[in-house]
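Visitor: sequence? don't have it. structure:
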């Protein structure tokens, strides 16, 4: 579940006290643009954030969202594009897939849940899990009721035992999935929102800027460390980038290295890069990238000495995927592409090679 695209619209609507409708994909079949757990946010004026299709369904969802926003009652909208004669809205999408989409209102009446809880977790950089009722015969647990580990639904008729049963079921579910709860007899969709990746750039030179911009575009948190204050001008980096000035030898004291999903060593300063690698070797950061040619890598590793075995399995050097291009923007794209693939457990292969696997 990706959240960062929804948050600007959420914050704007909440500031204006205008209701929103959250669309969540709870079930799919065949080939679909969006997968289970994907979300879209729809404002009262029709503006939306996030995509659940390539533009085929969004217009129709906005019409349904008006009803949900007005009534507050959850609704499931189903689309099936698997028919060979499909001509949805005259477009003939031909996507060969089906999906069920749950629409729920998010407003002051719902205490802005679940988005308030989800956005708080994202800001803190922690994972969170939410559950929503998708089928129920119990009036106290209506369709569209969201629950989480820390938020209590505003519906006072929900007894504690039922709420605890839903939370317990959500707590043991994995991924984004539908779960049947026997007592009470309801079906819930459990959504897991992973914390945004946290990228550490060790070196803030000119080529660090496009890397930070691409990472921020993906919703990642970014921290830039450098010993040169001129490179740490906030105007050079996306908003909310954390900038840390410290000597390379003190990096482990200046930032908590274990907090990062990936680190890129790119100071273009040989001794600084050596100090950064030494500090990273003592951590479990799963991805360590090193900018520069293989000969430079071997020189640094030979000077590093004993910590090399603990680092080499995680080290990507030269950093990035081979996509061609020498411009800083192309290099940044190759770096972020590799980091994204590694964090997702993928090899970065073309889809044409994996489509039939």
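Guide: In hand now; what should we look at? The structure presented is a predicted model; accordingly, all values stated were derived computationally and were not measured.

Visitor: give me the domain ranges for the chain.
Guide: 7-193, 198-343 (automatic domain parsing).

Visitor: just send the ones you listed back as CSV, with distance to residue 353 too.
Guide: Every C-beta, even on glycine, is put in place using the N, C-alpha and C of the backbone. Shown next, in CSV, are the domains of the chain (distance: least, CB to CB, whole Å):
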stretch, distance to residue 353
domain 7-193, 18
domain 198-343, 13
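
Visitor: which of the ones you listed comes out lowest on mean pLDDT?
Guide: Sorting the domains of the chain by mean pLDDT places domain 7-193 lowest, at a mean of 84.

Visitor: how long is that domain end to end?
Guide: 14 Å (CA to CA, to the nearest Å).

Visitor: figure out how far it is from the centre of its chain.
Guide: 16 Å (CA atoms, centre = their mean, to the nearest Å).

Visitor: stretch 253-263 too?
Guide: 19 Å.

Visitor: picking that back up, would JSON lines of the domains of the chain with mean neighbour count be doable?
Guide: Listed next are those as JSON lines, based on neighbours: other CB atoms under 10 Å:
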{"stretch": "domain 7-193", "mean neighbour count": "17"}
{"stretch": "domain 198-343", "mean neighbour count": "18"}
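
Visitor: so which of these gets nearest residue 354?
Guide: domain 198-343 (11.8 Å; CB to CB).

Visitor: where exactly do the strands run in the stretch 251-357 of the chain?
Guide: 262-265, 287-290, 315-316 (DSSP state E, counting those that start in this stretch).

Visitor: list the pairing partners of the first one within its sheet, with orientation.
Guide: Strand 262-265 sits in its sheet next to strand 198-202 (parallel), strand 287-290 (parallel), going by DSSP bridges.

Visitor: just send the ones you listed back as a markdown table, with distance to residue 130 too.
Guide: Formatted as a markdown table, the strands paired with strand 262-265 follow (distance: least, CB to CB, whole Å):
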| stretch | distance to residue 130 |
| --- | --- |
| strand 198-202 | 22 |
| strand 287-290 | 28 |
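
Visitor: what's in contact with stretch 31-39?
Guide: 1-3, 6, 22-28, 50-54, 95-99, 175-177, 191-192 (CB atoms under 8 Å, 6 or more residues apart in numbering).

Visitor: let me fix that, I meant to ask about stretch 56-75.
Guide: Residues contacting stretch 56-75 (CB under 8 Å, 6+ apart): 19-21, 23, 40, 42, 44, 46, 48, 51-52, 77, 79, 81, 88-89, 91, 93, 95, 101-105, 107, 109-110, 132-133, 142-145.

Visitor: can you rerun that using 7 Å?
Guide: 19, 21, 23, 42, 44, 46, 48, 52, 77, 79, 88-89, 91, 93, 101-105, 109, 142-144 (CB atoms under 7 Å, 6 or more residues apart in numbering).

Visitor: restricted to strands, list the residues you listed.
Guide: 21, 23, 42, 48, 77, 79, 101-105 (DSSP state E).

Visitor: residue 105 reaches residue 19, doesn't it?
Guide: Yes - if you go by CB atoms under 7 Å, residue 105 and residue 19 touch, sitting 5.7 Å apart.

Visitor: so who does residue 348 touch?
Guide: 321, 337-338, 341.

Visitor: same thing but 6 Å
Guide: Going by CB atoms under 6 Å, 6 or more residues apart in numbering, residue 348 touches 321, 341.

Visitor: please apply the same query to residue 52.
Guide: Going by CB under 6 Å, 6+ apart, the list of residues near residue 52 reads 34, 38, 40.

Visitor: same thing but at 7 Å, please
Guide: Contacts of residue 52 by CB under 7 Å, 6+ apart are 23, 25, 33-34, 38, 40, 58, 101.

Visitor: and residue 27, which of the three is it?
Guide: strand (DSSP: H, G, I helix; E, B strand; the rest coil).

Visitor: residue 339 is in contact with residue 316, correct?
Guide: No - between residue 316 and residue 339 there is no contact under CB under 7 Å: 8.5 Å.

Visitor: who touches both of the two?
Guide: residue 287.

Visitor: quick one: the helices in the stretch 251-357 of the chain?
Guide: Secondary structure of the stretch 251-357 of the chain (DSSP state H, counting those that start in this stretch): helices at 251-254, 270-281, 294-304, 308-312, 328-343, 351-354.

Visitor: adding distance to residue 70, write the ones you listed out as a markdown table.
Guide: Shown next, in a markdown table, are the helices of the stretch 251-357 of the chain (distance: least, CB to CB, whole Å):
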| stretch | distance to residue 70 |
| --- | --- |
| helix 251-254 | 52 |
| helix 270-281 | 54 |
| helix 294-304 | 61 |
| helix 308-312 | 58 |
| helix 328-343 | 40 |
| helix 351-354 | 42 |
